[in-house]
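Chemist: the following comprises the amino acid sequence and a computationally predicted model.
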Amino acid sequence: MEISPATPVFSCSSEVLFALAVKFTYVNTFTLLLYVTVELIPIFESLERCLQTKLVSQADLVQLRGQRRVMTTCTVKNGVVEDFSNVSLTGLSVRVFVDSKSWGFSSTNLLDFESVEQTLENALRLAKTSSKLKRQKVALEPVKEVTANVSVPVKKPVQNLSSEDMVEIPFAAYKGAQEAGRRVADVKATYISVEDDKYFLSSEGSRIHQNTTRAMLFVNVIAKSNSLICPAQENLGHTGGLELFDRTSPYSLGKAAGKKAVELLKARAPPSGKFRVVIHPTLCATMLHEAIGHPLEADLAMAGGGFGSHIGELVSSKLITIYDDGHVPGGLGYFAYDDEGVECEHSVLIENGVLKSFLHDRTSAAVAGVSPTGNAHAWDYSVEPLIRQTNIGIKAGDFSLGEMIVDVKEGLFLEGTFGGQADANADFTFGFQSARWIRHGRLAEELRGANVAGNAIEVFKNIDAVGKVAVLRPGACGKYQFAVQGRVVPAIRCEIMVGGMGD
Amino acid sequence: MGREANWNFLSSLVHKAIRVLEKKDVSHAEAFFTSTETTEVAIRNSEILTENKVDDSGVGFRVVVAGNKVGFACTNTLSEKAVLDAGEKAFAIARVSSEVPNFALPEASKPPKVNGLFDSGVAGISVKEGVDLARRAIKAAEDFDKRVIAKDGRVLFVSGWRGIVNTLGVDFEEQETKATIYLGGSGEQDGEVTGSCYDSALSRTVHLEPEKVGKSVGEMVIDLFKPESLKGFQGTVIFGPEAVSYQLFVALVDALKGENVAAERSAWTRKLGEIVASPNLTVTDNAVLERGFASRSFDDEGCSSQNTVLMRKGKLESFLHDATSANTLKKGNTGNASRFPSGFDMVRAIVGDGYRAKPEIYPSNLIIQPGNKTKAELLSEISKGVLIESMSGFVQPGSGMISTQLSRAFFIENGEIKHPIKDGMISGIAFDWFKRISGVGKDTKQFVNAVVPSIRVEGVKVVGT
């Protein structure tokens, strides 16, 4: 299973689109250096010097990335600070394209010029090794030379937080969860901030500096009654600083998770079989990402199966319009430029049910004869960019939640996510945290969580209602390497197979 | 600087940092450090997609101050300043942290010699050899049948050092190599596309048998054509090694982790010495297995490795421990502190593993003792059931609930495989299934942290359309 695009996801309880103006500055290379963090000047200079070496002429294209990442995590487990960590990483990578067909990639944490040059040599050697074996020449579309400095504004910087105050964040979530009562058996709350300073330089002339801060809070609760164990989780996350907690406090997030876990102890196990279901945005986020998002990634699509060769065809219900947008303010998948220096634009993927485009990097775009969509992203400097979703969204429809439920004679309302998986053939599975029976158009008794499964193409064809409020949720994905992403999702109604243990 | 010189330089910085920390007001200090070189060849759509080489090294410090308050910090910048700063940061964090009850670190011991962990062939491998292995695997899969497409995969060589030092006298270093080949394929015939099938080979040496992996993927793919849906029923299920190594392994490990037992999150809390599973189930954790993929002479906090019987004929004999959980439960440390656990954890996914994280309890080589029946023999005794080679979906922590989609599964009637299954799920509680194991195969397969055979379970709920 290790190489399947296993894709756990988290989602948050906040239902508000964050308004964040992103600061773009277009500058020349010299000015760009002024924005470079002091510690990173040596990397930036080494990379710049590397681009001037003779070796560069052996490649059609050289892409260099340097990064400094500082992560702080604080976990409170059952009232105890179980983990309090500071992770400081710096490194660089070289990616080269040779003979119009072969890529090579090499990365290192050693920053001196000699190591950078060695890394370039490694990348060239790797690219040339398989060049002769490759049948297909790829004519990469030239990318516009970009010199830019992008800084996502942060209202409340994470750096201003004292260690004592940082502990208070997961601790407040723990307290909120614990207040749900004595049946709360286990609470784990983790606060994480990720500060990234990234540089992209290419032999095509681009020089891009991106400075991003992300803040997240995860709360996992287990409630217990005799031998029955019920888990629940709530998460928050955005691109920005501590203003994340302005609308939803850590305490209230913890409280929501605790309350849910305890409530579920009284609920029955969900049934099994095929049901008409209304899927809440908290779960729709996972479904969109797994079921449709992955098959729309060109690398998976080109592997055959799924949506492979269906551009221009009706592949989904006509109620469905799907896009990917790196510029959604506050989205956890906010990116101004991808890791090939391509702007992360708004790409319409499915419009009124018709397949319009896949998510591309420069290579897949060239193979498909289209322009790249800015979806080449690497989790950090050490790994090669892959085709990833940024903030994927379903355009809101016309139905209120009540209107979606009222038409269902017997079905289920599914809520909350436990993550999921999908493969290139659009077969997916994902877990829901809780459910309600729908009987004669009304919500009835509460049920515990289980998994649902199906084939995306079949399920998305039978969507017959789309909610009128789309909300921004944080998400994450583990396709070969990790990524943080956003989802913008309404509720939907469809038919799906439920794998519950009840009757 | 050469790789070995680089390692010695890192080691000297780490030892210096520990000496500096020792002079401060600390109860304990520990440093875990690694240096690795990874070469990877990625396969996509019958071709070599790309080749990568990743060099990484770094150190993570755990510092404990009075009252068992623990701080952690790490760096991958190999300068004296950065390494000493990381130690200092861990110390500063520890002071504002809260007490971790029963926190402990291992004391000095003499680790056993575990043979076959390092191979100079892997350490000196060229990317050309990786490309050759990848091509041979692709060819074997696609030559098996023209309907087979080698969709994705990779050949991976990792070579490096791992070291641990603490203020209780632990000071160990070990060099190791790993080689892996993964291949995923699917098939296409008259517009029908099969689901993805995967196989892998894991080794400490370069001998990966790519042809065997490729052919196996080819066979799996061809078996999946013309699937049929089925009606739900309760029946006998054979979980193949891949399914056992994923979902059943996850449920088993969740219940065996000492920290889960201490927190009463484990389904087997207070069940030590009791029968918790079928007499067909015997499970060990063997970190000293010669050439074992997850073998090591010491764990990732410096406890000497051992072979631990966890369950003997269904009777629970031990849990998996690190120093802290052993101290909490007043049991012996089983040497299961790992900084490279598999499986998904959100925080670890963000932060990373190895020197970037504190250790957690995880198996080394978790071994389910094989039985004496072939898969065909296990099958022949089934009147109505399902053979599940792989399934997708997570296990619910604590409860052991498994509710999964059948990815590669076959309907069995009267001892014979009838057809592959389309649109099926199974659901149930893994701990109930462990009690109803009616047979264990002899078809053991090596996975990253598991060496497991097929397992046959009675009375499993199969969800159909």
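Modeler: Sure, I can see it.
Chemist: drop to CA atoms for contacts and neighbour counts, all remaining ones
Modeler: Noted.
Chemist: what about the worst-scoring helix or strand of chain B on mean pLDDT, near chain A?
Modeler: Using mean pLDDT, DSSP states H and E, strand B:192-193 stands out as the lowest-scoring helix or strand of chain B, at a mean of 86. Yes: judged by C-alpha under 8 Å from any C-alpha of the partner chain, strand B:192-193 comes into contact with chain A at B:Val193.
Chemist: partner strands of that strand and their direction?
Modeler: strand B:171-189 (antiparallel) (DSSP bridges).
Chemist: and the strand it pairs with, average pLDDT?
Modeler: Mean pLDDT, computed over strand B:171-189, is 95.
Chemist: stretch B:94-108 too?
Modeler: Here the average pLDDT along stretch B:94-108 is 94.
Chemist: that stretch and chain A, are they touching?
Modeler: Yes: against chain A, stretch B:94-108 shows contacts by C-alpha under 8 Å from any C-alpha at B:Ala94, B:Val96, B:Ser97, B:Ser98, B:Glu99, B:Val100.
Chemist: what's around the nearest residue to A:Glu164 once chain neighbours are set aside, how many residues?
Modeler: The shortest distance from A:Glu164 to any non-neighbouring residue, by C-alpha to C-alpha, 6 or more residues apart in numbering or on different chains, is to B:Val96 (6.3 Å). Using other C-alpha atoms under 10 Å in any protein chain shown, B:Val96 has 19 other residues around it.
Chemist: contact partners for B:Val96?
Modeler: A:Ser163, A:Glu164, B:Lys69 (C-alpha atoms under 8 Å, 6 or more residues apart in numbering or on different chains).
Chemist: right, and the first one touches B:Ile93 too?
Modeler: Going back to what we said before, that points to A:Ser163. Yes: counting by C-alpha atoms under 8 Å, A:Ser163 does reach B:Ile93; the two are 7.2 Å apart.
Chemist: which one of those two has more residues nearby?
Modeler: B:Ile93 (25 against 17).
Chemist: right, and the helix or strand after the helix or strand hosting that one?
Modeler: Here B:Ile93 is covered by helix B:80-96, with elements defined by DSSP states H and E. As assigned by DSSP H and E, the chain's next helix or strand after helix B:80-96 is helix B:120-123.
Chemist: and the closest residue to chain A within the stretch 201-350 of chain B, how close does it get to A:Leu236?
Modeler: The nearest approach of the stretch 201-350 of chain B to chain A comes at B:Ala349, 6.3 Å away (C-alpha to the nearest C-alpha). Distance, B:Ala349 to A:Leu236, using C-alpha to C-alpha, to the nearest Å: 16 Å.
Chemist: the two - which one has more neighbours?
Modeler: A:Leu236 (25 against 16).
Chemist: hmm, A:Lys274 is touching A:Cys494, no?
Modeler: No: using C-alpha under 8 Å, A:Lys274 makes no contact with A:Cys494, being 10.4 Å away.
Chemist: next, count neighbours for B:Gly332.
Modeler: 15.
Chemist: quick check: closest non-adjacent residue to it.
Modeler: In space, B:Gly332 is closest to B:Ala326, 5.6 Å off (C-alpha to C-alpha, 6+ apart).
Chemist: just the pLDDT for the one you found.
Modeler: On the pLDDT scale, B:Ala326 gets 98.
Chemist: what about A:Asp165, how many residues nearby?
Modeler: Residue neighbour count, defined by other C-alpha under 10 Å, stands at 12 for A:Asp165.
Chemist: relative to chain B, how far out is it?
Modeler: Using C-alpha to the nearest C-alpha, to the nearest Å, one gets 10 Å for the distance from A:Asp165 to chain B.
Chemist: need phi/psi at residue 245.
Modeler: With no chain named, the answer covers chain A. phi -90, psi 10 (degrees, to the nearest 10).
Chemist: not quite, I wanted chain B
Modeler: phi -70, psi -10.
Chemist: what ranges do the helices span in the stretch 201-350 of chain B?
Modeler: B:210-223, B:241-243, B:249-256, B:258-262, B:323-329, B:346-351 (DSSP state H, counting those that start in this stretch).
Chemist: low-confidence ranges, the stretch 201-350 of chain A, go.
Modeler: A:303-305 (pLDDT under 70).
Chemist: what segments of it are strands?
Modeler: A:207-225, A:228-239, A:272-279, A:322-325, A:346-351 (DSSP state E, counting those that start in this stretch).
Chemist: closest to B:Arg296 out of the ones you listed?
Modeler: Nearest to B:Arg296 among the strands of the stretch 201-350 of chain A is strand A:207-225; the distance by C-alpha to C-alpha comes to 32.5 Å.
Chemist: list the buried ones in the helix holding B:Ile93?
Modeler: Buried residues in helix B:80-96, counted by 16 or more other C-alpha atoms under 10 Å in any protein chain shown: B:82-96.
Chemist: can I get that helix as PDB, trimmed to CA atoms?
Modeler: What follows is helix B:80-96, C-alpha atoms only, in PDB (Å, rounded to 0.1, in the frame of the first residue of the first chain):
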ATOM      1  CA  GLU B  80      28.800  23.800  15.500                       C
ATOM      2  CA  LYS B  81      26.600  26.800  16.100                       C
ATOM      3  CA  ALA B  82      23.400  25.200  14.700                       C
ATOM      4  CA  VAL B  83      23.900  21.900  16.500                       C
ATOM      5  CA  LEU B  84      24.700  23.600  19.900                       C
ATOM      6  CA  ASP B  85      21.700  25.900  19.300                       C
ATOM      7  CA  ALA B  86      19.400  23.000  18.800                       C
ATOM      8  CA  GLY B  87      20.500  21.400  22.100                       C
ATOM      9  CA  GLU B  88      20.000  24.800  23.800                       C
ATOM     10  CA  LYS B  89      16.500  25.200  22.200                       C
ATOM     11  CA  ALA B  90      15.500  21.700  23.500                       C
ATOM     12  CA  PHE B  91      16.700  22.800  27.000                       C
ATOM     13  CA  ALA B  92      14.700  26.100  26.800                       C
ATOM     14  CA  ILE B  93      11.600  24.200  25.700                       C
ATOM     15  CA  ALA B  94      11.900  21.600  28.400                       C
ATOM     16  CA  ARG B  95      11.800  24.300  31.100                       C
ATOM     17  CA  VAL B  96       8.400  25.600  29.900                       C
END
